[in-house]
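Colleague: Sharing a model that was predicted from the sequence below.
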Amino acid sequence: MIPLSLAEIADITGGQLHDIPDPSDLVTGSVVRDSREVERGSLFVAFNGEHVDGHDYAERAVAAGAAAVLATRPVGVPAVVVPDVQEALGALARAVVSRLGTDVVALTGSAGKTSTKDLIAQVLQQHAPTVWTPGSLNNEIGLPLTALSATPETRHLVLEMGARGIGHISYLTGLTPPRVGVVLNVGTAHIGEFGGREAIAQAKGELVEALPSAAEGGVAVLNADDLLVRGMAARTKARTVFFGEAEDAEVRATDVRMTDRGQPSFTLHTPSGCSDVTLRLYGEHHVSNALAAAAVAHVLGMSTAEIATALSGAGTLSRWRMEVTERADGVTVVNDAYNANPESMRAALRALVAMGGTARERGGRTWAVLGPMAELGDDSLAEHDAVGRLVVRLNVSKLVAVGGREASWLQLGAYNEGSWGEESVLVSDAQAAVDLLRRELRPGDVVLVKASRSVGLERIAQALLEGEGAGR
């Protein structure tokens with residue numbers, strides 16, 4: 001964070017200083033909510049969570065070097081006491097971002113946010129110092145913490161924004177007003193909470209409504225291939241830049257093909273030229289993500305050749321998202337278990353099939369180890385059934401459905417589509433899946449593991465790679 005005195009922080013947050021000998025003392029380090037992450041000069045934010053009260057760790061944080069604690073009550077060590085820690089954290093982020101004057105790039109979408117954010121960050125980092133959201137910390141706590149990690153040297157601040165209801169993205173854009181806003185897609189993730197895709201589109205479109213006008217430098221980067229996203233052009237005063245396969249997309253890909261390892265290769269076109277790209281990522285769905293990143297980089301002044309080089313060198317920054325590891329015995333494990341929705345399930349299955357092409361030539365098989373997709377509401381049965389059917393249509397060799405009711409719907413869809421028998425199996429939990437796979441896997445097989453985050457299927461992938469049980 002930029003250096004701020006404790007007096008300044010109190011003024012910004014509307015707080016009161018307690019147990020502070022000198023109000024001019026500076027916070028020069030990071031702003032953290034975990035006392036184990038404290039460094040000298042940090043500001044420790046004491047959240048009162050469901051299971052842990054950060055106020056109980058205030059003394060430990062100061063002993064570890066924190067300059068002060070942001071708290072809702074006096075804690076016996078230097079503290080800025082505020083009525084609401086979350087609101088104070090947001091106010092601090094808003095003040096710091098306004099002082100920095102950095103270009104804020106915000107992105108949202110139903111699927112692919114984190115992968116695309118990681119691509120944008122890696123491309124822009126080749127252009128100028130860049131700070132970005134770690135992992136998927138895209139909510140009202142993670143976003144301001146990310147913003148506060150920016151320094152005076154930061155040129156680009158790339159922020160992922162999530163939403164679970166109308167108004168959530170408006171709140172986040174109020175904390176860190178973006179100049180460039182990216183909307184990737186409108187899918188069915190969290191449809192059970194929103195009630196329909198139109199409501200999801202309404203929420204996601206709050207991002208483009210928050211952008212400054214074209215005259216003030218605002219740019220909306222929109223997916224031309226998603227009609228609900230394309231329609232958001234009418235909701236913004238910013239300049240619109242489309243990406244995708246549509247003819248009017250200013251940033252697009254041609255000659256898309258897959259390597260024998262399932263990695264996309266294509267020719268990138270921008271208004272300033274064209275250049276070849278081969279991604280290190282797996283799955284054709286990353287072409288759209290790469291185009292979004294390319295559009296942002298183009299808007300911020302990078303040449304097409306620079307963008308293509310940066311995209312070709314970009315890797316996976318966030319864990320459990322198409323992490324591909326080949327074991328010594330030739331079995332390939334694809335850990336995509338961080339989260340799942342119908343769109344990302346379909347993309348991952350197609351990536352599995354692409355990766356399995358060479359494996360089949362060597363006698364290997366493709367395994368889809370799938371668990372429930374959460375928060376689908378009344379659409380849950382139909383969506384799980386559809387994924388099971390797609391497994392058959394894509395000619396995946398084996399389906400292992402993990403869990404209870406939703407997993408049984410996956411298996412039912414596969415059976416109804418292709419009258420599958422031994423090709424699919426329903427198991428009760430992660431350990432049962434590990435036990436089955438250890439018995440059945442052979443050299444050359446490719447195993448995809450994917451489910452919603454709450455299911456914890458990453459344990460299956462980890463066990464297959466570590467040679468241990470899936471855990472309990």
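Modeller: Yep, it's here.
Colleague: which stretches of the stretch 201-350 of the chain form strands?
Modeller: 219-223, 239-243, 252-258, 264-270, 273-278, 323-326, 332-335 (DSSP state E, counting those that start in this stretch).
Colleague: same deal with the stretch 1-150 of the chain?
Modeller: Counting by DSSP E, counting those that start in this stretch, the strands of the stretch 1-150 of the chain are 4-5, 16-18, 26-27, 31-32, 43-45, 68-71, 79-81, 103-108, 130-132.
Colleague: Relative to residue 373, which of those is closest?
Modeller: When the strands of the stretch 1-150 of the chain are compared by CB to CB, strand 103-108 sits nearest residue 373, at 19.5 Å. (C-beta placed from N, C-alpha, C; glycine too.)
Colleague: what sits against residue 262?
Modeller: By CB atoms under 8 Å, 6 or more residues apart in numbering, residue 262 lies in contact with 282-283, 351-352, 354-355, 357.
Colleague: Please name whichever of the strands of the stretch 1-150 of the chain is nearest to residue 266.
Modeller: strand 103-108 (20.8 Å).
Colleague: Now do the closest one: everything it contacts.
Modeller: Contacts of strand 103-108 (CB under 8 Å, 6+ apart): 97, 113, 116-117, 120, 124, 155-163, 169, 172-173, 176-184, 204, 207, 292, 296, 300.
Colleague: contacting residues around the residue lying closest to residue 60 once chain neighbours are set aside?
Modeller: Distances taken as CB to CB, 6 or more residues apart in numbering place residue 35 nearest to residue 60, at 5.1 Å, with adjacent residues excluded. The neighbours of residue 35, taking CB under 8 Å, 6+ apart as the test, are 44, 54, 57, 60-61, 64.
Colleague: if I look at residue 35, how far off is residue 133?
Modeller: Distance of residue 35 to residue 133, given as CB to CB, to the nearest Å: 22 Å.
Colleague: Ok, residue 71 next?
Modeller: Relative to residue 133, and taking CB to CB, residue 71 is found at 25 Å.
Colleague: which of the two has more neighbours?
Modeller: residue 133 (27 against 24; other CB atoms under 10 Å).
Colleague: partners of the residue nearest to the more buried one when sequence neighbours are not counted in the sheet?
Modeller: Nearest residue to residue 133, sequence neighbours excluded (CB to CB, 6+ apart): residue 160, at 4.4 Å. Bridge pairing for residue 160 (DSSP bridges) gives the partners residue 107.
Colleague: Hmm, residue 117 and residue 160 touching each other?
Modeller: Yes. Between residue 160 and residue 117 a contact is recorded at 4.4 Å, counting by CB atoms under 8 Å.
Colleague: what's the overlap in contacts for those two?
Modeller: 107, 132-133.
Colleague: wait, what's in contact with residue 84?
Modeller: residue 72.
Colleague: pLDDT wise, what is it at?
Modeller: Model confidence at residue 84, given as pLDDT, is 97.
Colleague: Could you do residue 316 as well?
Modeller: So, for residue 316, pLDDT stands at 86.
Colleague: burial count for it?
Modeller: Neighbour tally, residue 316, other CB under 10 Å: 17.
Colleague: Please apply the same query to the one 3 residues further on.
Modeller: Number of residues near residue 319 (other CB under 10 Å) recorded here: 11.
Colleague: Report the contact partners of the closest residue to it other than its chain neighbours.
Modeller: Among residues not flanking residue 319 along the chain, residue 338 sits closest, at 6.9 Å (CB to CB, 6+ apart). Residue 338 is in contact with 114, 136, 318-321, 453, 458, counting by CB under 8 Å, 6+ apart.
Colleague: one more time with 10 Å
Modeller: Neighbouring residues of residue 338 by CB atoms under 10 Å, 6 or more residues apart in numbering: 114-115, 135-136, 318-323, 344, 450-453, 457-458.
Colleague: Give me the residue ranges of the stretch 351-472 of the chain where confidence is low.
Modeller: Applying pLDDT under 70 to the stretch 351-472 of the chain flags residues 358-362, 467-472.
Colleague: wait, I meant the stretch 151-300 of the chain
Modeller: Ranges of the stretch 151-300 of the chain meeting pLDDT under 70: 189-190.
Colleague: what about 90?
Modeller: When residues are selected by pLDDT under 90, those of the stretch 151-300 of the chain lie in 163-165, 187-197, 245, 247, 258-262, 283.
Colleague: can you give me the helices for it?
Modeller: Using DSSP state H, counting those that start in this stretch, the helices of the stretch 151-300 of the chain run over 168-175, 191-194, 197-204, 206-209, 227-230, 286-299.
Colleague: still on that earlier bit, so which of the strands of the stretch 1-150 of the chain is nearest residue 329?
Modeller: strand 130-132 (36.5 Å).
Colleague: about what we covered before: so which of the strands of the stretch 201-350 of the chain is the most packed in?
Modeller: Ranked by mean neighbour count under mean count of other CB atoms under 10 Å, these are led by strand 219-223, which reaches a mean of 27.
Colleague: Just the terminal-to-terminal distance for stretch 100-116.
Modeller: 24 Å (CA to CA, to the nearest Å).
Colleague: ok, and for that stretch, which residues are buried?
Modeller: 100, 102-116 (16 or more other CB atoms under 10 Å).
Colleague: One more: stretch 427-434?
Modeller: 427, 429-434.
Colleague: just how off-centre is it within its chain?
Modeller: Centroid separation for stretch 427-434 versus its chain: 27 Å, with CA atoms, centre = their mean, to the nearest Å.
Colleague: what sits up against it?
Modeller: With CB under 10 Å, 6+ apart, stretch 427-434 has contacts from 337, 367, 369-371, 400-404, 407, 411, 425-426, 435-437, 447, 449, 451, 455-464, 468-472.
Colleague: And the residue nearest to residue 133, how close does it get to residue 400?
Modeller: 31 Å.
Colleague: Comparing these two, which residue is more hemmed in?
Modeller: residue 160 (30 against 25).
Colleague: OK, contacts around that one?
Modeller: Counted by CB under 10 Å, 6+ apart, residue 160 has contacts 105-109, 113-114, 116-118, 120-121, 132-139, 142-143, 146, 172, 182, 318.
Colleague: can we see that at 7 Å?
Modeller: 107, 113-114, 117, 133, 136, 138 (CB atoms under 7 Å, 6 or more residues apart in numbering).
Colleague: Perfect, I'm done here.
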